[in-house]
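Undergrad: Sequence first, then the predicted structure:
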Amino acid sequence: MEELNGPIAEWLSGIGWSQVHIDWTTKIIILAGIVILSWGAAKLFRGVVVPALQRLSRSTKATWDDYLFSDHLMRAAARLIPPLIWYMLLAAAFYDMPQLLDLLRKVCLIYLIVAVLLLVNAFLDTLHDISTQHETLRNRPLKGIYQMIKLLAFCVGAILIVSILIGRDATAILAGLGASAAVGMLIFRDSILGLVAGVQLSANDMLRPGDWITMEKYGADGYVTEVTLTTVKIQNFDKTITTIPPYALVSDSFQNWRGMRESGGRRIKRSLAVDATTVRFCTAEELAALHRKGLVAEEAAPDGQPVVNLHLFRDYVRQYLRRNPEVHPEMMQMVRMLQPTSEGLPVEVYCFSRCTEWVAYEALQAAIFDHLLAVLPEFGLRVFQRPSGADLLQMENGKWRMEN
């Protein structure tokens, strides 16, 4: 190092510089040279190396290398150059001042650790961007795992910085932290539980961003917008946001509607209450009239056996569902009568629609029951409905008219 200081000191002495100030002036000149060298190296990296790497990545068919050599990640990598150069060359200026050199090198190491942490943060963000573009990984809740890795990296970086400041080995600090592990578990309880839950959710494919889930306990009914280390965000259908801790999704039950979407069919399960007093046998004239209208087949009454009008109605509904192009033909279709109640005879329609979107599904369901309500009187049947005040008033007025 004296080989560099000597010529500078002789040059300063030759131009008449005072001997008292030559020592510190030499150090300042060398320090300025180190700063200019580090600045030039970083500038060269960003202006020459990075564009060359980006051109090379654009020439390949793969897209992941475009993310790895993005401006955001390369700027983070360029921050490593100055502290490395300073750490290696500071001895040229302060070789005769070991205490100051040691202090400056500690500052460089701390700067280097911070730059490495920023690089790790940018790298994990880039990995998240790559995974969101990957067909297999885009629906995995990986953001929480990346956040946990960031947290661990920053914890390790903080321990290294403390070990540099106090001049002790990092392993000794880790051993000392073992006594306060219980406190750390309490502080990072949600993060630890969130990490474990995130791994379970991802490994078992229980939840993906974009899934429609229902969890009545937390008032959640909507689409998953984000899965992080500590929260799962759900945008409800009323546009409110519900946040649920990830471990609650593992410990409690929730309903995921993804299977319905992937199957390509959405279930219709709704009943129509028929007035029991209108159920009866059909006459030959009624059967002929229904046949002329195309509501029943000609062989509806085989061997002249009496046929119940409710039976004919159920057969008609089955045929109607088979002919409806919006009803999924490969999934279960059933028309059944449920247990009679004081509210009438429930006739349940069970089938699946081709469309899974909410608006189209509700429109199809309404169209089916509009048709059934309209065709029900053709079979001599009536929908059961409790009498309202208007019905009672009409009956009373009719009775009054009969008496008068």
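TA: Good, I have the coordinates.
Undergrad: Which segments of this structure make up each domain?
TA: Domains of the chain are assigned by automatic domain parsing as 2-138, 264-379.
Undergrad: Quick one: find the helix or strand in this structure with the lowest mean pLDDT.
TA: Within the chain, confidence by mean pLDDT, DSSP states H and E is lowest for helix 2-14 among all helices and strands, at a mean of 52.
Undergrad: For the stretch 301-404 of the chain, which segments count as strands?
TA: 334-337, 345-353 (DSSP state E, counting those that start in this stretch).
Undergrad: again, but for the chain
TA: 212-215, 220-227, 232-236, 241-244, 255-256, 266-274, 334-337, 345-353 (DSSP state E).
Undergrad: Mind putting the ones you listed into TSV with mean pLDDT?
TA: TSV is the format used below for the strands of the chain (pLDDT from 0 to 100):
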stretch	mean pLDDT
strand 212-215	91
strand 220-227	89
strand 232-236	91
strand 241-244	91
strand 255-256	90
strand 266-274	94
strand 334-337	94
strand 345-353	95
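Undergrad: how about those strands in JSON lines, adding distance to residue 148 and mean neighbour count?
TA: Glycine gets a C-beta too; all of them are placed from N, C-alpha and C. Supplementary listing: the strands of the chain in JSON lines, determined by distance: least, CB to CB, whole Å; neighbours: other CB atoms under 10 Å:
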{"stretch": "strand 212-215", "distance to residue 148": "22", "mean neighbour count": "18"}
{"stretch": "strand 220-227", "distance to residue 148": "12", "mean neighbour count": "19"}
{"stretch": "strand 232-236", "distance to residue 148": "15", "mean neighbour count": "20"}
{"stretch": "strand 241-244", "distance to residue 148": "18", "mean neighbour count": "16"}
{"stretch": "strand 255-256", "distance to residue 148": "23", "mean neighbour count": "15"}
{"stretch": "strand 266-274", "distance to residue 148": "36", "mean neighbour count": "18"}
{"stretch": "strand 334-337", "distance to residue 148": "48", "mean neighbour count": "14"}
{"stretch": "strand 345-353", "distance to residue 148": "40", "mean neighbour count": "20"}
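Undergrad: Relative to residue 379, which of those is closest?
TA: strand 266-274 (9.6 Å; CB to CB).
Undergrad: Quick one: residues in contact with the closest one.
TA: If you take CB atoms under 8 Å, 6 or more residues apart in numbering as the criterion, strand 266-274 is touched by 260, 310, 313, 338, 343-353, 355-356, 361, 364-365, 368-369, 372-373, 376, 381-385.
Undergrad: and the direction of that strand versus that of strand 345-353, what angle?
TA: Here the directions of strand 266-274 and strand 345-353 differ by 160 degrees (axes from the mean of the first three to the mean of the last three CA atoms, to 10 degrees).
Undergrad: Any idea how far strand 266-274 is from the middle of the chain?
TA: The chain centre lies 33 Å from the centre of strand 266-274; the measure is CA atoms, centre = their mean, to the nearest Å.
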